[in-house]
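Student: Fold the following.
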Amino acid sequence: ITPLEQVSESVLDSDAHLFDIRPAERFQYYDNKGFTHHKMFIAPNPLFGAIITYYLKEEPVEEAEVTLTILDQRGSEIRRIEGTKKQGFNRLNWDLRHEGAIPGEEASRSIPRAPFVIPGEYTVKLAAAETQITATVTVALDPRIKTPEAELIAQRDIALELNQMHGEGYRANQKIENLEKQIE
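Tutor: Numbering: from 1, shown residues only. The predicted model follows:
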C-alpha cells in the first residue's frame, strides 16, 4: 500500500520515482504438515524478498535500460536486476540473493542459486533514462534462526567463493563445448 500512500502530483510529474521499500525478512520455509487427515489447509506462501515499486512517467526508448542495482553497506554492487519499462507503476521482487554465478541465468540443477545476503541495510538504486534514485531496504533474519552474525558472514563468504568457482567451471565447460563443435 506504500505506493498509494506516497503517490502525489509531484511523484506523477517526475520522470521516475522509487517508493519506500518495506523491510524484508530472510525467512526459512517450514514444511511440516504432520498428520492432519482431511483438515489440511494450505495457502500460498507470501512473496519472498524485498518488493520494490517504482513509477515511470513515460516508457523509455527501446535502447534505454531500466535497472535496479543493489548495493551493500560498503557501497559495493551485489546484484543488478533488469526492471520493466512500462509507463506507470512497476513492481519487482528481489530475492535477497547476491548475483548468480552466471549473470542472467536462473538457478537450475546445473546452476546453483546464489547465496543470500546477510541481515542489514542495503541501497537500491533505480536507473531509468537520465534519472537515478536511491532508497534503502532493511533485511532481517528469520527470528527462529539464532545463528550469530559472524557465522552468517562466514557462510556467505564461503558461498560466494563457491559461487565464483562454479561460474568459472561453467564458463570453462562452455569453452570446451564450443571447441568440440568447431572440431566437428
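
Student: what sits opposite the most centrally placed residue in the chain in the beta ladder?
Tutor: The residue lying closest to the centre of the chain (C-alpha atoms, centre = their mean) is Trp94, at 2.6 Å. Legend: beta-bridge partners of Trp94 under DSSP bridges are Ala50.

Student: Model confidence for it, exactly?
Tutor: Note on Trp94: pLDDT of 94.

Student: Against which helices or strands is the lengthiest strand in the chain packed?
Tutor: Longest strand of the chain, by residue count under DSSP state E: strand 131-141. If contacts are counted by 3 or more C-beta pairs under 8 Å, 6 or more residues apart in numbering; DSSP states H and E, strand 131-141 sits against strand 16-18, strand 24-26, strand 50-56, strand 120-128. Any C-beta I mention is one placed from the backbone N, CA and C, and that applies to glycine too.

Student: Looks to me like Gly167 is in a strand.
Tutor: No: under DSSP: H, G, I helix; E, B strand; the rest coil, Gly167 sits outside any strand and is assigned helix.

Student: ok, the nearest residue to it once chain neighbours are set aside - contacts?
Tutor: Leaving aside its sequence neighbours, Gly167 sits nearest to Ala101 (C-beta to C-beta, 6 or more residues apart in numbering; 3.4 Å). Applying C-beta atoms under 8 Å, 6 or more residues apart in numbering to Ala101 gives the contacts 111-112, 114, 163-164, 166-167, 170.

Student: so what's Ala101 scoring on pLDDT?
Tutor: In this model, Ala101 carries a pLDDT of 80.

Student: State the helix or strand in which it lies.
Tutor: For Ala101, there is no host helix or strand (DSSP states H and E).

Student: The helix or strand harbouring Ala150 - contacts with which helices or strands?
Tutor: Secondary structure from DSSP H and E places Ala150 in helix 149-183. The helices and strands touching helix 149-183, judged by 3+ C-beta pairs under 8 Å, 6+ apart, number zero.

Student: So for stretch 68-83, first residue to last residue, what's the gap.
Tutor: 6 Å (C-alpha to C-alpha, to the nearest Å).

Student: if we look at it, which residues are touching it?
Tutor: By C-beta under 8 Å, 6+ apart, the residues outside stretch 68-83 that reach it are 52, 54, 65-67, 90, 92, 94, 97-99, 103, 117, 120-128.

Student: make it 6 Å
Tutor: Residues outside stretch 68-83 that contact it (C-beta atoms under 6 Å, 6 or more residues apart in numbering): 66-67, 98-99, 120, 122-126.

Student: are any of the residues you listed buried, and which?
Tutor: Neighbour counting by 16 or more other C-beta atoms under 10 Å classes 66, 98-99, 122, 124-126 among those as buried.

Student: Same list (the residues you listed) but as JSON lines, adding distance to Arg26.
Tutor: Listed next are the buried ones among the contacts of stretch 68-83 as JSON lines, based on distance: C-beta to C-beta, whole Å:
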{"residue": "Val66", "distance to Arg26": "26"}
{"residue": "His98", "distance to Arg26": "12"}
{"residue": "Glu99", "distance to Arg26": "17"}
{"residue": "Tyr122", "distance to Arg26": "12"}
{"residue": "Val124", "distance to Arg26": "16"}
{"residue": "Lys125", "distance to Arg26": "21"}
{"residue": "Leu126", "distance to Arg26": "22"}
